[in-house]
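**Student:** Provide a 3D model corresponding to the input given below.
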Amino acid sequence: MADMVGHWIDGVEVPGGSGVAADVFDPATGAVTRTVALASPADVGAAVASASAALPGWRDTSLARRTQVLFRFRELLDAGRQELAEIITAEHGKVVSDALGEVARGLEVVEFACGIAHLLKGGHTENASMRVDVHSLRQPLGVVAVISPFNFPAMVPLWFVPVAIAAGNAVVLKPSEKVPSAALFLARLWQAAGLPDGVFTVVQGDRTAVDALLDSPPVKAVSFVGSTPVARHVHRRASANGKRVQALGGAKNHMVVLPDADLDLAADAAVNAGFGSAGERCMAVSALVAVGPVADDLVARIAHRTATLRTGDGRRGCDMGPLVTAAHRDRVAGYVAAGEAAGARVVVDGREVRPDADGAGFFLGPTVLDHVTTDMSVYTDEIFGPVLSVLRVDSFAEAVALVNANPYGNGTALFTRDGAAARAFENEVEAGMVGINVAIPVPVSYYSFGGWKDSLFGDTHAHGTEGVHFFTRGKVVTTRWSASDAAGLELGFPQNV
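**Tutor:** Model (predicted):
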């Protein structure tokens, strides 16, 4: 019988009381390898209660001791990166090298959080008024929830959790039920690093668990990453309950290639950004916008490179692994068929792939569609699979207008040798993250990650300074230690003199 993946409450793994479970698959073989407990509202309540009980002690723990825990966690995570990557590959399907890259990007945020003491410093003004001093400080919010998606079981939690914990909060993590095991691996590392039980809690589950967290009064803030419809729901419901929310939604990332670009560099980047992690990245390039006469040559170069890719089990040194579930694989294949029926030309057809794998895995090979137009569903919808759609335009201005007309605004890229065009693009394009000759412009950890328009609900991006501000709230203190002379009565509004 498959093992059960449970919750992590009060420093131990528990099965929960719902009695409801879901299958966990190995996407490369199609086999059920484990089951995962799905939390009931009562299970969520137990996790939140554990976090609430642990909060006061952790909130008042000195910054020096908090950062010592962060440094120990960083060392343990670094030492365990290979094991964690293999857990990710077994449940998500991405190749091990890609999973290692995910852990590395998460480690960057842990290292950023190790410097939290500097980021929590306030300011002080002496004699703002006569014998009146003013100082500011940042304090933790309390119990916060992190709801993470299936495509980055380690990196996305590590975008939020280390910053929240370093700032003095207690965190309840709800990972995707498709990839539950990485969260428990991280929980054990936090415990080994010396984090008090209850400060980091994991509840497994589906929408029932999500809605219970959104409705829970002790939860003061929610960080979410996932599809736009769910992000909109999370933002609306949590905000209605008075919570602070950052909900990162979907994307349709465009890569614009000008005629003067280095086409070998652009073709490499399009393949890497389009098919890495089987396209299951919110920063994947899914729409390539070829400007002017460059299209035919560029598509040929991309098709040639795509033909060299090996699709199969991520543990066998393949270039690209499976999609996360059979249903998702079939959904992506349906978009390919719809694009073809609408008039797009299938240059590379991933539906015909012969994967290097055992069993009936959830495979769809890299796919390239040319002559895609903006009214086709393969363009309008976030596909979240290894499908690269090529759109053709006549000018730089038309390319920028196309990008800006899209309802998503997560990331975009421009490939060119023209500095003036690059500057104009960076100034005019409506997206939160922009790459110039960089196809996947994910910011380093001390900058913040997040998009615009329907790619973000809430005002604050992830990690970096914005992440610190999200998990803390400011307080300004005005003090006066009066001399023996009385101030007297004065009912007017106080003035600084």
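
**Student:** and residue 20, how many residues sit next to it?
**Tutor:** Residue 20: 15 surrounding residues under other Cβ atoms under 10 Å. Backbone N, C-alpha and C define where each C-beta goes, glycine included.

**Student:** swap in residue 208?
**Tutor:** Counted with other Cβ under 10 Å, residue 208 comes out at 15.

**Student:** so how far is residue 149 from it?
**Tutor:** 17 Å (Cβ to Cβ, to the nearest Å).

**Student:** and the pLDDT at residue 40?
**Tutor:** Residue 40 is assigned 97 on the pLDDT scale.

**Student:** I meant residue 484, not that one.
**Tutor:** On the pLDDT scale, residue 484 gets 62.

**Student:** can you show me the helices along the stretch 251-400 of the chain?
**Tutor:** Using DSSP state H, counting those that start in this stretch, the helices of the stretch 251-400 of the chain run over 263-275, 295-306, 326-341, 377-380, 396-405.

**Student:** tell me what angle the second one forms with helix 263-275.
**Tutor:** It refers to helix 295-306. Angle of helix 295-306 versus helix 263-275, following axes from the mean of the first three to the mean of the last three Cα atoms, to 10 degrees, is 60 degrees.

**Student:** middle-most residue in this structure, spatially?
**Tutor:** Nearest to the geometric centre of the chain sits residue 156, at 4.3 Å (Cα atoms, centre = their mean).

**Student:** so it touches residue 148, yeah?
**Tutor:** Yes. Counting by Cβ atoms under 8 Å, residue 156 touches residue 148, with 4.3 Å between them.

**Student:** what touches both of the two?
**Tutor:** residue 225 (Cβ atoms under 8 Å, 6 or more residues apart in numbering).

**Student:** what's the closest non-adjacent residue to residue 42?
**Tutor:** Excluding the flanking residues, the one nearest residue 42 by Cβ to Cβ, 6 or more residues apart in numbering is residue 17, at 6.0 Å.

**Student:** which residues does residue 249 contact?
**Tutor:** Per Cβ under 8 Å, 6+ apart, neighbours of residue 249: 226, 227, 228, 230, 231, 232, 408, 451, 454, 455, 456, 457.

**Student:** out of the residues you listed, who's nearest residue 288?
**Tutor:** residue 408 (15.4 Å; Cβ to Cβ).

**Student:** beta partners for that closest one?
**Tutor:** residue 453 (DSSP bridges).

**Student:** count of residues packed around it?
**Tutor:** By other Cβ under 10 Å, neighbour count at residue 408 equals 26.

**Student:** ok, it - contacts?
**Tutor:** 228, 249, 250, 251, 252, 253, 382, 451, 453, 454, 455.

**Student:** looking at those, which are in strands?
**Tutor:** Within those, residues falling in strands by DSSP state E are 253, 453.

**Student:** of the contacts of residue 408, which is the most crowded?
**Tutor:** residue 253 (31 neighbours).
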